[in-house]
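Trainee: Here is my input, please return the structure:
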Amino acid sequence: MILRRKRILYKDWIYNWLIDKKHYIKESTYANYSNAVFNHIIPKLGHYKLDELSHKLIQDYLLDLSKNGKINGSGGLSSKTIKDITIIIKGSLKKAMNENKIKHIELTFNYPLDSKLEKIYVLSKSEQNKITSYCLNNLDNKNLGILISLYSGLRIGELCSLQWNDINLKKSLININKTVQRIYVKDFDESKSKIIITTPKTKNANREIPVSKEFIELLKKFRGNNNEYILSGSEKLIEPRTYRKYFDKVLKEIKINHINFHSLRHTFATNCISLGVDYKTVSELLGHANVNITLNLYVHPRLSQKKKCIKLICKVFEEKN
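Mentor: Here you go, the predicted structure:
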């Protein structure tokens, strides 16, 4: 008598894959994986048997995500989110193939292009001056944090985790070696959130940022114990969503339209590029994984620069005449 192999539901397989993966990835990465699995993958693919999945089925699913992927039904997911979801699907299916649970499936997929590219907002000189003046005239720990991000390009998670033992006043350096974030972990029967402090998002994000003498003098006024957080002035941190609310309050008070806190980082990077700082240096100051990220995000030649380039190239005609 030949025993038939038990057919496994994909939702059961990917759940077990997720639990196993938990031992090998960062807690924040696991949170992202769990949200993708329970919010997007299981609802659409979970009811299929593992051996029913095919390249076409998954490709059609990815295309649908770009049109109708959001949980509230208000449009599609970004190309990046779809790629992240695909990484999870690929990982779970590679494990199934390696364990001979299914036959080989082609795992090369095409990704739909984003219909809308996210626009980077950079503060005008007037807005930068308004924010700087307000913070200097109302100087406290929270406003000091706004100045640190505007003039050094720190991410909000890096800023919220910054303690006085990360500041070297003698050498005028800020050491970035951790970040704080609230993560949301999903499971079949519950969802929970918590604050975690972890290493920065990439290896390059561990970095030293020089500080000017003027800025060091500002920092000295607030110098606390090594374990105190700069934003709170105590050993209790301020989490990113709370600090974003404070930033919004400041913008409202100085009559600047709502902008994302991350715009301070964008503004710092754009100022560096405009001042002629080389791209490698800007990339390292920002803690980007590679210089290409810096180039793609911030290096957008103006029309005047393009005209100047064409004029220089076309000088060859003048020389021949």
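Trainee: what's the burial count for S234?
Mentor: Number of residues near S234 (other Cβ atoms under 10 Å) recorded here: 13. In short, each C-beta sits where N, CA and C put it, glycine included.
Trainee: wait, what's in contact with it?
Mentor: Contacts of S234 were listed using Cβ atoms under 8 Å, 6 or more residues apart in numbering, and they are G224, E228.
Trainee: Can you report phi and psi for the residue nearest the centre of the chain?
Mentor: When Cα atoms, centre = their mean is applied to the chain, the residue found nearest the centroid is K201 (7.9 Å). Here is the backbone geometry of K201 (degrees, to the nearest 10): phi -60, psi -30.
Trainee: ok, now how distant is it from K130?
Mentor: Plainly put, K201 is 30 Å away from K130 if you go by Cβ to Cβ, to the nearest Å.
Trainee: ok, back up a step: and the residue lying closest to the residue nearest to the centre of the chain once chain neighbours are set aside, what does it touch?
Mentor: What sits nearest to K201 in space, not counting adjacent residues and going by Cβ to Cβ, 6 or more residues apart in numbering, is T179, at 6.9 Å. Neighbour list for T179: R155, G157, E158, C160, S161, I197, T198, T199, P200, K201, A205 [criterion: Cβ under 8 Å, 6+ apart].
Trainee: repeat that with 6 Å
Mentor: Residues near T179 by Cβ atoms under 6 Å, 6 or more residues apart in numbering: G157, E158, S161, P200.
Trainee: Sketch out the low-pLDDT regions of the stretch 201-321 of the chain for me.
Mentor: 300-306, 316-321 (pLDDT under 70).
Trainee: What segments of it are strands?
Mentor: With DSSP state E, counting those that start in this stretch as the criterion, the stretch 201-321 of the chain has strands at 207-210.
Trainee: Which stretches in it count as helices?
Mentor: Applying DSSP state H, counting those that start in this stretch to the stretch 201-321 of the chain gives helices spanning 213-222, 240-253, 263-274, 279-286, 291-298, 303-313, 315-320.
Trainee: Could you check the lengthiest helix in the chain and say which residues are buried?
Mentor: Ranked by residue count under DSSP state H, the longest helix found in the chain is helix 79-98. By 16 or more other Cβ atoms under 10 Å, the buried positions in helix 79-98 come out as 79, 81-82, 84-86, 88-89, 91-93, 95-96.
Trainee: helices or strands next to that helix in the packing?
Mentor: When contacts are defined as 3 or more Cβ pairs under 6 Å, 6 or more residues apart in numbering; DSSP states H and E, helix 79-98 packs onto helix 10-21, helix 27-36.
Trainee: That helix relative to helix 27-36, how many degrees between them?
Mentor: Calculated by axes from the mean of the first three to the mean of the last three Cα atoms, to 10 degrees, helix 79-98 forms an angle of 90 degrees with helix 27-36.
Trainee: Distance of T242 relative to L218?
Mentor: In this structure, T242 and L218 are 23 Å apart, going by Cβ to Cβ.
Trainee: Among the two, which residue is more densely surrounded?
Mentor: Neighbours per residue (other Cβ under 10 Å) separate T242 from L218, with L218 holding more: 16 against 13.
Trainee: can you list the domains in this structure?
Mentor: Split into domains by automatic domain parsing, the chain comes to 10-98, 125-298.
Trainee: so which of those comes closest to I310?
Mentor: With Cβ to Cβ as the measure, domain 125-298 is the member of those nearest I310 (20.8 Å).
Trainee: so how far is that closest one from its chain's centroid?
Mentor: Averaging C-alpha positions (Cα atoms, centre = their mean, to the nearest Å) puts domain 125-298 13 Å from its chain's average.
Trainee: again, but for stretch 40-51
Mentor: In terms of Cα atoms, centre = their mean, the centre of stretch 40-51 is found 28 Å from the chain centre.
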